[in-house]
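Peer 1: fold the following, please.
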Amino acid sequence: MRLAVIATLGVLFALAACRDETDAIGQFLDGDYNSSFKSFLRRADNGDSAAINFVGIHYYLGLGVERDFGAAARWFERAARAANADGQRNLGVLYMRGWGVPRDNVTAYAWLLQSSSQGNRRARVYLDSVEHSITPNQTMQARKWIADQLQLPGEPHPAVTDDRAQP
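Peer 2: The predicted model follows:
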């Protein structure tokens with residue numbers, strides 16, 4: 001009897017989690033951005049990296065919240081550090097364009113490379129354009145920097161430009 005109750009509770013929690021995910025995406029696709037934002041924010045608070053990225057998308061596009069590239073960058077960085085390839089790509093694009101963060105093609109390259117290495121095809125397109133704007137030395141520095149950053153837990157760390165040598 002006790003095992004049946006535990007199993008039933010487990011199924012109910014799993015269904016609730018799936019329902020919330022479906023609701024947030026459905027709300028987003030239906031244009032109910034206020035509800036979608038709240039749903040994704042709830043999931044993000046529980047550590048869901050895809051939801052963290054979607055909160056960033058809300059800020060990036062100004063859907064359900066005021067458009068704020070700085071806030072988008074902070075959320076994308078949280079997703080990126082949680083190994084979310086979409087968050088890594090999105091953060092790389094912000095660095096490439098200088099939206100909400102200082103423009104920095106080396107940091108952009110680092111995040112786009114990481115995203116691409118996880119199979120994100122859209123990151124590869126951006127990576128192809130940004131890698132022609134940095135030197136081979138900067139490419140090596142970016143690779144080392146991203147490897148170091150992904151091993152460090154906690155708060156965001158300074159961008160590559162803070163301590164890299166000039167070519």
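Peer 1: how does this protein divide into domains?
Peer 2: Using automatic domain parsing, the domain parsing of the chain gives 1-67, 79-167.
Peer 1: which one of those domains lies nearest to residue 73?
Peer 2: Residue 73 lies closest to domain 79-167 among the domains of the chain, at 4.0 Å (CB to CB). Just so you know, the C-beta spots here come from the backbone N, C-alpha and C atoms, and that holds for glycine as well.
Peer 1: thinking again about what came up before, ranking the domains of the chain by burial, who's on top?
Peer 2: Ranked by mean neighbour count, the domains of the chain are led by domain 79-167 with a mean of 18 (mean count of other CB atoms under 10 Å).
Peer 1: the domains of the chain into TSV, with extra columns for distance to residue 73 and mean pLDDT?
Peer 2: Below are those laid out as TSV (distance: least, CB to CB, whole Å; pLDDT from 0 to 100):
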stretch	distance to residue 73	mean pLDDT
domain 1-67	8	77
domain 79-167	4	85
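Peer 1: quick one: contacts for the residue nearest in space to the middle of the chain?
Peer 2: Nearest residue to the geometric centre of the chain (CA atoms, centre = their mean): residue 87, 1.9 Å. Applying CB atoms under 8 Å, 6 or more residues apart in numbering, we find residue 87 in contact with 49, 52-53, 56, 75-80.
Peer 1: secondary structure and distance to residue 24 added to those, as JSON lines?
Peer 2: Output for the contacts of residue 87, formatted as JSON lines (DSSP: H, G, I helix; E, B strand; the rest coil; distance: CB to CB, whole Å):
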{"residue": "49", "secondary structure": "helix", "distance to residue 24": "14"}
{"residue": "52", "secondary structure": "helix", "distance to residue 24": "12"}
{"residue": "53", "secondary structure": "helix", "distance to residue 24": "12"}
{"residue": "56", "secondary structure": "helix", "distance to residue 24": "14"}
{"residue": "75", "secondary structure": "helix", "distance to residue 24": "15"}
{"residue": "76", "secondary structure": "helix", "distance to residue 24": "17"}
{"residue": "77", "secondary structure": "helix", "distance to residue 24": "21"}
{"residue": "78", "secondary structure": "helix", "distance to residue 24": "17"}
{"residue": "79", "secondary structure": "helix", "distance to residue 24": "15"}
{"residue": "80", "secondary structure": "helix", "distance to residue 24": "20"}
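Peer 1: what is the nearest of the residues you listed to residue 140?
Peer 2: For the contacts of residue 87, the residue nearest residue 140 by CB to CB is residue 80; the value is 20.5 Å.
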